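Asker: got a predicted model here, sequence first, then my questions.
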Amino acid sequence: MKTQELLKISLRQNAIFIPTEMIANDTKNLSGTTSVLLANVSKLGFTFSESLLQALNNVNPKYKVEVLEILREVLGTDKNWTPLVKEWNIPTGENVVDHIITYFTNVFKTKNGTTLQCGHTIPDNTFPLERYNGCPFCGTPFEFGKLEKVGQGSKLKVLELWSENDLQDFYISLLQSKTALDATQVDSLKIALKYLSLPKTDVAMKETLMLVIDVLIENGQAENASQYFKSPTDILRYLWFKNTGLLQIIEPKTIVKRAMKNHSHFYEFMDTSAQAKVASQKDLKLKYSRKECLMAASWLNNMEMDVETMCEIMHPKRGMWVRFIRALRLAEYSKRKGFEKLSFLMDVFYNQVYDVWQSKVNSSRLKFDADKTFALLKQRPGLFARSLFSNMLWFGAEETVAHFSEIIDKVPARLIFTLNMYAQNYFDKNIQRSVKPLGGNNKRVAPNALLNLYEDFMLNDMKSKVEDLCILAMKKRFAGLKNTNKTIYIDPQLYNMPVSIGDRSETVQDLPVALMGTRFPVEGNEVRLFMQWGKDLPAQHLDMDLSCHIAYETRSDICSFSRLTTTGCQHSGDIRSIPNKIGTAEYININIDELAKANAKFVTFTCNAYSNGSITPNLVVGWMNSKYPMKISERTGVAYDPSCVDHQVRVTQNVAKGLVFGVLDVAKREIVWLEMTFGGQVVQGLDFKGVQALLAKLNSKLNIGSLLQLKAEAQGLTIIEEENADEVYNAQWAMNAAAVTQLLID
C-alpha cells in the first residue's frame, strides 16, 4: 500500500519511484518480465528512460506488477468506457419529436414498440435501437464493452527514475512552496505526511502548515503543534479545516449558499435547495470534546501576541469566532487558574475595546488624507501591495508608487510578480477581469470606475511605473544572492509555462501534471473529449453532462445532450443513469478542419452536473489527441485509448455545477489547460466572456523562462543552448511547481 501511494506521487512528476533496497542486482540483459512490462506500458502511452529501465530490470517482479497496476488505475483501464451509442461518430438521426412520441407512448401505455430492461417502451420508427447500448429515452446503459483500440498514440511519454533522495526533495519542496498548493500538491503532501517522517524544514505557507499541524495532533503531539500557531487566525484556519476540509477560511453562509445553488434545478418539483440548506447547516455545526476544548484554550492562552492585537486580528471573522468560542467552551476555561490571558482576551473581545487597523485606513482614505493612509499601509506591506492599484487611482500614481517603493523589499515575491502580471489588465478601461471570490465561482469584474478619470497615456504610464518598479525590485533581490556560476540553460518549453501564482486548482492531476495556462499542441485533425463517472457507486440516476461551447466571430454554438451533432462536433449520447460500480462514459469528437472551414475561433470544453448537487467526486475529464486517426469500437462504441490521452483531471471536491477544463484555439491548433468553475446546470450557463477574461489573465502571467532570464540578467549569467551549463532548468525540473516557487526570493 505504501509503495503504491508513493508511486502515485512520482507518476504525477513524470517518474517512477524505486526504493534502493528493492534493486537486488545489476543485470544488464533485459529479463522476460521487464520486456513484458515495457510492452504493456507502451500500450498505455508510456516508455522508460534508460536509467529507469535498468532499475526496473533489477527489481522484484512483484514491484513491476505494482508499477503496471498503478498506471492502469490512474488511466482507468478497468473502468467502463462504453457510451450510449454504437459507432456514435455517425449521427443516429434522433430528434425532439422522437422523445415526445416516446413520452406519450409510455404515459398512455401503448403496445406498438419494443419494451427495454428499464421498463420504457420505444415506439417503432423512432430511435434505431440496434445503434444503442441502452435506453435512448432515459439514458440508462445495458451493454458494456472493454477497451479494444489501445496503443494508437503517436507519442510515448518518457518516465524517469526517482530515488529516495528525489522523493525527499519533492516532499521538502512542497513544504517550502512559496505559493498556495493546488489540489494535486495537497493530495501528494497528505500521502507523504502519512508514509514519510516529517523533515526539519520551515513551512512557507499557512495553508500548508495546517496539514503539518494536523499530522502532529493526530500523532498525539498537540504541544509541539502549538509552536506553529502565530496568530488567532492560524487557530481558526485549523479548526475550520478540521470541520470542513477546506484550507481557506470560507464563511459558513458562503458554503450554505453554494450548496443551495448546486441543488437548485430547472424544474421546480426536482429542486432540493431547501433540503440542501438544512443539511449544509447541520454539517457545519461545531461539536468538540473536552480534550479538544482544552487544547484550543491552551493555544490561545499561550500565544505570545498581546491581547489587543489578537482581538483586532479576530475582528474580521467576529461572527465565526463567536460560534467557536461557544462550541469550545472558552468562557468556562477562561475561569480556570493559569488561563488569565484567555480571560482577559474574552473580556476585551466581547466588549470590543480595541482599535481595528482597517477601519483607520478606510477612514483616512475617505478623508483623502494621503499621509495618514500611506503611514498605516506601510505597517502592513502585504496589504499595501494588494491595494496598490486602487490607491494609485485614488491618490495618484506618483505619490502612491513613491511610498510603496519604500517598503517593496518587505513585500513577498509572489505579490510583486502578481502586481507585475496584472497591471496590464487592471489599467485597461476595456478589459473585464476574471476573479474567483473565496468559496465561489469564477466571475467577471468590470473595470474600476476611476479609470474613466484618466487619459489613456496616463494609464499606460501607470502600467509602466508598476512593471518597472517590480522588475527592478526582483533584479535587486536576485543580484543580492551570491552566485559563483557562470552559465545557465533555459529550456525553450519554459517560455510557454506560466509561474504558478494564485492558482488554487481544485482538481487532481494523476498523470504528469501541467500548470494552468500550459498549451498542448494538437498533432492531428481530431480532438476527442472524454468524461467518466460513477466508478464504485451503486446503480442510480446520476446525470453528468459533457459539452463544448463553440465561439465564432459573431455567434456561438454548442454540442451537448440537447444538440448531439453540430458543425465540427459529434456527441456520443446522453447517459443519465450509472450502472453498478463500473461507471459510465461520454465523448465528443472535435474536427478541427471542419471548424476552421466554418471560421470557428475557440472551442471551450465543459462538464456539468445536471442532477441535483455539484459535480460528483472522482469524475474524470480530459482529452485525447494523436497524429493518427483514433478508432472507435464498431461493436460497442468504446472510444477511449489511454495512449492518446493528452491531459486529464479528477474532481475531488464538491466544487460547482459546471467546470471548464480546456479551450481549443482553432487557428493555432493548440489547447490551453485551464480550470474555471461556473454555476450552470447546462453548458448554456457558461459565460464565454468570463472564459476570455480568464484567458487574458493566464496570458498576462509571467512564464518560467522569463523569470529565469531575469535571474540570469541580475546575476550576470550567460544563457547557453546546451544542457552542460552550470545551472540547468529543463521541463522535467519545471514539473515540480513547488520547486519553481523557490525562485520567488523573499
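Answerer: Received, thanks.
Asker: what about the longest helix in this protein?
Answerer: helix 456-479 (DSSP state H).
Asker: report the buried residues of that one.
Answerer: Neighbour counts using 16 or more other CB atoms under 10 Å place L459, M462, K463, K465, V466, L469, C470, I471, A473, M474, R477, F478 of helix 456-479 among the buried residues. C-betas here are computed from N, CA, C, even on glycine.
Asker: show me where the stretch 351-500 of the chain has its strands.
Answerer: 433-435, 443-445, 487-490 (DSSP state E, counting those that start in this stretch).
Asker: can you lay out these as TSV showing distance to I16 and mean pLDDT?
Answerer: TSV is the format used below for the strands of the stretch 351-500 of the chain (distance: least, CB to CB, whole Å; pLDDT from 0 to 100):
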stretch	distance to I16	mean pLDDT
strand 433-435	37	78
strand 443-445	41	80
strand 487-490	25	91
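Asker: which one of those strands lies closest to L694?
Answerer: For these, proximity to L694 was assessed by CB to CB; strand 433-435 is nearest, at 4.1 Å.
Asker: who does that closest one touch, helix- and strand-wise?
Answerer: helix 413-426, strand 443-445, helix 688-699 (3 or more CB pairs under 8 Å, 6 or more residues apart in numbering; DSSP states H and E).
Asker: ranges for the helices of the stretch 451-600 of the chain?
Answerer: Using DSSP state H, counting those that start in this stretch, the helices of the stretch 451-600 of the chain run over residues 456-479, 592-597.
Asker: R72: which of these is closest?
Answerer: Using CB to CB, the helices of the stretch 451-600 of the chain put helix 592-597 closest to R72, at 30.2 Å.
Asker: what's the following helix or strand past that closest one in contact with?
Answerer: Counting by DSSP states H and E, the element after helix 592-597 in chain order, helix or strand, is strand 602-609. Residues outside strand 602-609 that contact it (CB atoms under 8 Å, 6 or more residues apart in numbering): 262, 529, 531, 543-551, 568-569, 590, 595, 615-616, 619, 621, 623, 657-666, 680-683, 685-686, 688, 691.
Asker: buried subset of these?
Answerer: Listed as buried from the contacts of strand 602-609 are 262, 529, 531, 543-551, 568-569, 590, 595, 615-616, 619, 621, 623, 657-664, 666, 680-683, 686, 691; burial here means 16+ other CB under 10 Å.
Asker: low-confidence ranges, this protein, go.
Answerer: Within the chain, the ranges that satisfy pLDDT under 70 run 502-503, 654-655, 687.
Asker: where do the helices sit along the stretch 51-200 of the chain?
Answerer: Under DSSP H, counting those that start in this stretch, the stretch 51-200 of the chain gives helices at 61-75, 96-107, 164-176, 183-195.
Asker: check the stretch 301-450 of the chain too.
Answerer: Taking DSSP H, counting those that start in this stretch to define them, one finds helices in the stretch 301-450 of the chain at 307-314, 318-327, 330-333, 340-351, 357-366, 370-377, 381-386, 388-395, 397-407, 413-426.
Asker: buried set for stretch 431-446?
Answerer: I431, Q432, R433, S434, K436, G439, G440, N441, N442, K443, R444.
Asker: closest one of these to L167?
Answerer: Nearest to L167 among these is K436, at 32.2 Å by CB to CB.
Asker: on that earlier part again, between the strands of the stretch 351-500 of the chain, which one is nearest to L53?
Answerer: It is, among the strands of the stretch 351-500 of the chain and with distance given as CB to CB, strand 487-490, at 25.2 Å.
Asker: which other helices and strands contact that closest one?
Answerer: When contacts are defined as 3+ CB pairs under 8 Å, 6+ apart, strand 487-490 sits against helix 704-715, strand 718-720, strand 727-729.
Asker: quick one: contacts for F144?
Answerer: F144 makes contact with N80, T82, N133, P579, I582, T636 under the criterion CB under 8 Å, 6+ apart.
Asker: what's the closest of these to A423?
Answerer: Checking the contacts of F144 one by one against A423 (CB to CB), the nearest turns out to be N80, at 49.3 Å.
Asker: ok, the closest one - contacts?
Answerer: F144, Q532, P579, I582, G583, T584, A585.
Asker: name whatever forms a beta bridge with T565.
Answerer: Judged by DSSP bridges, the bridge partners of T565 are Q570.
Asker: isn't it right up against P91?
Answerer: Yes. Assessed by CB atoms under 8 Å, T565 is found in contact with P91 at 4.6 Å.
Asker: picking that back up, dump the helices of the stretch 301-450 of the chain into TSV; add distance to P642 and mean neighbour count as well.
Answerer: Listed next are the helices of the stretch 301-450 of the chain as TSV, based on distance: least, CB to CB, whole Å; neighbours: other CB atoms under 10 Å:
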stretch	distance to P642	mean neighbour count
helix 307-314	50	20
helix 318-327	45	15
helix 330-333	54	17
helix 340-351	56	17
helix 357-366	52	15
helix 370-377	53	18
helix 381-386	43	18
helix 388-395	46	19
helix 397-407	51	17
helix 413-426	36	21
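Asker: I9 is nearest to which of those helices?
Answerer: helix 413-426 (24.1 Å).
Asker: middle-most residue in the chain, spatially?
Answerer: S505 (1.7 Å; CA atoms, centre = their mean).
Asker: circling back to that earlier point, which among the helices of the stretch 51-200 of the chain is found nearest to C118?
Answerer: Nearest of those to C118, taken as CB to CB: helix 96-107 at 10.4 Å.
Asker: what lies in contact with the closest one?
Answerer: Contacts of helix 96-107 (CB under 8 Å, 6+ apart): N112, G113, H120, T121, I122, P123, T126, F127, P136, F137.
Asker: what's the local residue count around the fourth one?
Answerer: Around T121 there are 16 other residues, counting by other CB atoms under 10 Å.
Asker: and it, what does it touch?
Answerer: With contact set as CB under 8 Å, 6+ apart, T121 has these partners: T102, T105, N106, K109, T110, K111, G113, T114, T115.
Asker: ok, now which ones touch the fourth one?
Answerer: K109 sits next to T121 when contact means CB under 8 Å, 6+ apart.
Asker: can you say which of the contacts of helix 96-107 are buried?
Answerer: Among the contacts of helix 96-107, those classed as buried by neighbour count (16+ other CB under 10 Å) are G113, H120, T121, I122, P123, T126, F127, P136, F137.
Asker: on that earlier part again, nearest to I558, out of the strands of the stretch 351-500 of the chain?
Answerer: Of all those, strand 443-445 comes closest under CB to CB, at 19.9 Å.
Asker: relative to that closest one, what are the paired strands and their orientations?
Answerer: Taking DSSP bridges as the criterion, strand 443-445 forms sheet pairs with strand 433-435 (antiparallel).
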